[in-house]
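S.K.: Sequence first, then the predicted structure, then my questions.
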2 protein chains.
Amino acid sequence: MVFSPKQAMKFALQEAKKGIGWVEPNPPVGCVILDSDYHFLSSGYHEKYGMAHAEVNALKKIRDKEKLKGAHVFVTLEPCHHKGKTPPCSKTLAHYSIKSLTYGVEDPFTKTGGLDYLRQKGVTIIRSPDLQKELENLVAPFKFSFSNQKSFVSLKVASSLDGVVALENGKSQWITGEKAREHSHFLRASHSATLIGVNTFLKDNPRLNIRIDPFKDKKNKVIILDPEGKSFSLLPKSHLLNTHSPNQVIVCCFDNTKPHWEKNSISNLGVKTLFFKSYLSGTKDTKERKYFSLSALLKHFYQKEKIQSVLVEGGAFCLSQFLKEKVAQKLYLYMSPQIIGMGLRWSRDFTIQKLSDSCLLNSMTVQPIGNDFLIEGVFYTLTLK
Amino acid sequence: MVFSPKQAMKFALQEAKKGIGWVEPNPPVGCVILDSDYHFLSSGYHEKYGMAHAEVNALKKIRDKEKLKGAHVFVTLEPCHHKGKTPPCSKTLAHYSIKSLTYGVEDPFTKTGGLDYLRQKGVTIIRSPDLQKELENLVAPFKFSFSNQKSFVSLKVASSLDGVVALENGKSQWITGEKAREHSHFLRASHSATLIGVNTFLKDNPRLNIRIDPFKDKKNKVIILDPEGKSFSLLPKSHLLNTHSPNQVIVCCFDNTKPHWEKNSISNLGVKTLFFKSYLSGTKDTKERKYFSLSALLKHFYQKEKIQSVLVEGGAFCLSQFLKEKVAQKLYLYMSPQIIGMGLRWSRDFTIQKLSDSCLLNSMTVQPIGNDFLIEGVFYTLTLK
């Protein structure tokens, strides 16, 4: 079967996506190899952290290495050029007389040289003119966190068509359907940690584990933003500590809660408690309230806790803080085809003074999921350096 | 070029859509004719009320009528069998020795017999197994209004991702972009009348005319729901009476405003004023308020004013009344890729007591329009008899 370069890169992208949830802190990568006449030879992807890279997995499926003479290799990310847990892919590829290498996006991590190295070996290097948005999107958490040295943040919301998450009496269950809820477990699996505010923890006593195959055994971290240590009393008997081992749970508090924490049995639970300074949140026009510097937290999460990406699941106050501080990169909005009218809204704690201050999103996509649909968008504030 | 039956019906549907905005009170209809070997022969659509039907327009493009021997005809709606402004299409089709007729949906208006008549003439009659939703959607205003003897209602809303239409200070302009606003003029053109509540009239002093080609000269009716006759003072000097002749404007008031209306110059303006009884709206649990029986109004609109379809453009109170009384059939929700947070919501005057009372929509579709997207859905309350 003959592939066009665009088809080959699209297939490589599909292959790469199979690695989502398994390869972190590496990025997911896919590779497709065509022979000199653009006939399909093989494909592969980076399957698990520490294991073979996509290029190697694709190469090893080709028994007759003679076929690689004049071959065209498509890989979603620039091949590595350093020896890490596996040998550098640039050198592995150079070993065969391939004709061209088309890559999706640059790797900020690579000590550059892999592409130059291959070029010197006579390989034609092409940056894919196709699918750039999708290719960037695929590695966004990896690139963003590495370049900014802080965790990548996605907001997850499930609402009605009119932005409501619950009736005013708090009834909220089943706003979206089963398929959307299943997909939200995939989101958990594809982020390093799930984050909630303390009010959601106290009100819902949630499990926050991953309850879909093949990720059921995957251990995701959970972060609770709890300025005043209100979670301490529920924590020991919470569902969270049934579904997660204590060292997977991180509670973030203000500095001044430390005495309270020390007095409390919480200090012996094994739950990681992090203490941060408090800042005055909001402006003169809005209600002032002490809160964390989320930017400082996200730096800490990445640099000290090796958390590449955070999925913020609520509640409204917590989501609004991420919007207000402009530290979110991505929105996943599940929308249920219903109008609820009066009720609690997920963005109710976010306030702007003029319309031009609204949080804009770009690269919007919409896909149906069961009876609901999922709106994905990237906040304009996202800079992928 | 050879067409599959599905491709032919899809093309017929596209053709039919060209008539939207021009053929009312007839339904838009499209027709595709293939020869005995399924090669494309011609297509046509009902272009304007009173003019030739789709079948006739398709037939007349075929010079050599010999080619019609064994032909396959695809038409989005059952062919007519009565002599109206044009001869019955059933008989016109029977005149040629066509082999099969595939129709989209039944016509509630037809004195049935057209299909039987063709069947007796040896034509194979097939109800299209494809595209039924789209085909029904196309003629929904026509079928619904005829079957229920009241106007078909579409709600039009433009909001942010979180359901906000304006900041609390009322600033609302430019929530959606130019392309979406252009599309909303197409919606006006495709409905018999545009309806607003009196508060929107007083606050915005809107023009409500159709400002896109090729519909600029089309005269749409405008309805103002004005229980207490508050519009009377603005009406004579309103933008609405610059863009519309008085007889295109209908003001609906409570019976008891009649003396006020008679005393006022409004009675001499030429604007049609309709008086209706007032009803108590809302339940014990919600705020009670006198309002119209919208169902009674919609029957009147269809039966007395020949209004097949109504586009409700706001404001929030007015939209909510249509939701509350469950008299809307369709939702057009333009969504702008932004989060506004605190602000005025379009559904804020709609209240339910339990989630199962929410207004559900089905047959949802989402399409990008410029930077925004348009969500279309059909209310479950819609019954197409």
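M.R.: Looks like it came in fine. Please read all numbers here as calculations on a predicted model, not as lab measurements.

S.K.: Go through stretch A:81-95 and flag the buried ones.
M.R.: For stretch A:81-95, burial by neighbour count (16 or more other CB atoms under 10 Å in any protein chain shown) applies to A:H81, A:P88, A:C89, A:S90, A:K91, A:T92, A:L93, A:A94. Using the backbone N, CA and C atoms, a C-beta is placed for each residue, glycine as well.

S.K.: Any chance of those in JSON lines with pLDDT, secondary structure and distance to A:Y302 as columns?
M.R.: Formatted as JSON lines, the buried residues of stretch A:81-95 follow (pLDDT from 0 to 100; DSSP: H, G, I helix; E, B strand; the rest coil; distance: CB to CB, whole Å):
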{"residue": "A:H81", "pLDDT": "85", "secondary structure": "coil", "distance to A:Y302": "24"}
{"residue": "A:P88", "pLDDT": "86", "secondary structure": "coil", "distance to A:Y302": "25"}
{"residue": "A:C89", "pLDDT": "88", "secondary structure": "helix", "distance to A:Y302": "25"}
{"residue": "A:S90", "pLDDT": "88", "secondary structure": "helix", "distance to A:Y302": "27"}
{"residue": "A:K91", "pLDDT": "88", "secondary structure": "helix", "distance to A:Y302": "30"}
{"residue": "A:T92", "pLDDT": "88", "secondary structure": "helix", "distance to A:Y302": "30"}
{"residue": "A:L93", "pLDDT": "89", "secondary structure": "helix", "distance to A:Y302": "31"}
{"residue": "A:A94", "pLDDT": "88", "secondary structure": "helix", "distance to A:Y302": "33"}
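
S.K.: Of all residues in the stretch 151-300 of chain A, which one is closest to chain B?
M.R.: Residue of the stretch 151-300 of chain A nearest chain B, by CB to the nearest CB: A:G163 (2.9 Å).

S.K.: pretty sure that residue is touching B:L333, no?
M.R.: No - the criterion here is CB atoms under 8 Å, and A:G163 misses it with B:L333 at 11.2 Å.

S.K.: what do these two both touch?
M.R.: Common contacts of A:G163 and B:L333 (CB atoms under 8 Å, 6 or more residues apart in numbering or on different chains): B:S159.

S.K.: Settle it for me: which of those two has more neighbours?
M.R.: Taking neighbours as other CB atoms under 10 Å in any protein chain shown, A:G163 and B:L333 compare with A:G163 leading, 29 against 22.

S.K.: Let me see the backbone angles for the more buried one.
M.R.: Here is the backbone geometry of A:G163 (degrees, to the nearest 10): phi 80, psi 20.

S.K.: hang on, the earlier thing: of the buried residues of stretch A:81-95, closest to chain B?
M.R.: Proximity of the buried residues of stretch A:81-95 to chain B (CB to the nearest CB) peaks at A:C89, which lies at 37.3 Å.

S.K.: Surely A:L294 and A:A328 touch.
M.R.: No - using CB under 8 Å, A:L294 makes no contact with A:A328, being 9.1 Å away.

S.K.: So between those two, which is more surrounded?
M.R.: Set side by side, A:L294 and A:A328 show more neighbours around A:L294, with 28 against 24, by other CB under 10 Å.

S.K.: contacting residues for the more buried one?
M.R.: Residues near A:L294 by CB under 8 Å, 6+ apart: A:Q321, A:F322, A:E325, A:V327.

S.K.: again, but for A:Y117
M.R.: Shown in contact with A:Y117 (CB under 8 Å, 6+ apart): A:H81, A:S90, A:K91, A:A94.

S.K.: CSV for the residues you listed, including distance to B:D204?
M.R.: Converted to CSV, the contacts of A:Y117 look like this (distance: CB to CB, whole Å):
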residue, distance to B:D204
A:H81, 62
A:S90, 63
A:K91, 68
A:A94, 67
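
S.K.: which two in these are spaced the farthest apart?
M.R.: Farthest-apart pair in those is A:H81 and A:A94; separation 10.3 Å (CB to CB).

S.K.: Next, A:V165: phi, psi?
M.R.: The phi/psi pair for A:V165 (degrees, to the nearest 10) reads phi -110, psi -20.

S.K.: could you list every residue that touches it?
M.R.: A:V157, A:A158, A:S159, A:S172, A:I175, A:G314, A:A316, A:G343, A:L344, A:R345, A:W346.

S.K.: Output the residues you listed in a markdown table, with pLDDT appended to each entry.
M.R.: Output for the contacts of A:V165, formatted as a markdown table (pLDDT from 0 to 100):
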| residue | pLDDT |
| --- | --- |
| A:V157 | 96 |
| A:A158 | 94 |
| A:S159 | 95 |
| A:S172 | 63 |
| A:I175 | 86 |
| A:G314 | 88 |
| A:A316 | 92 |
| A:G343 | 91 |
| A:L344 | 90 |
| A:R345 | 92 |
| A:W346 | 92 |
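
S.K.: Among these, which ones are in strands?
M.R.: Using DSSP state E, the members of those that fall in strands are A:V157, A:A158, A:S159, A:G314, A:L344, A:R345.

S.K.: so which of those residues are also by chain B?
M.R.: When contact is defined as CB under 8 Å from any CB of the partner chain, the ones in strands among the contacts of A:V165 meet chain B at A:S159, A:R345.

S.K.: want to throw the ones in strands among the contacts of A:V165 into a markdown table with neighbour count?
M.R.: Formatted as a markdown table, those follow (neighbours: other CB atoms under 10 Å in any protein chain shown):
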| residue | neighbour count |
| --- | --- |
| A:V157 | 26 |
| A:A158 | 23 |
| A:S159 | 27 |
| A:G314 | 23 |
| A:L344 | 19 |
| A:R345 | 25 |
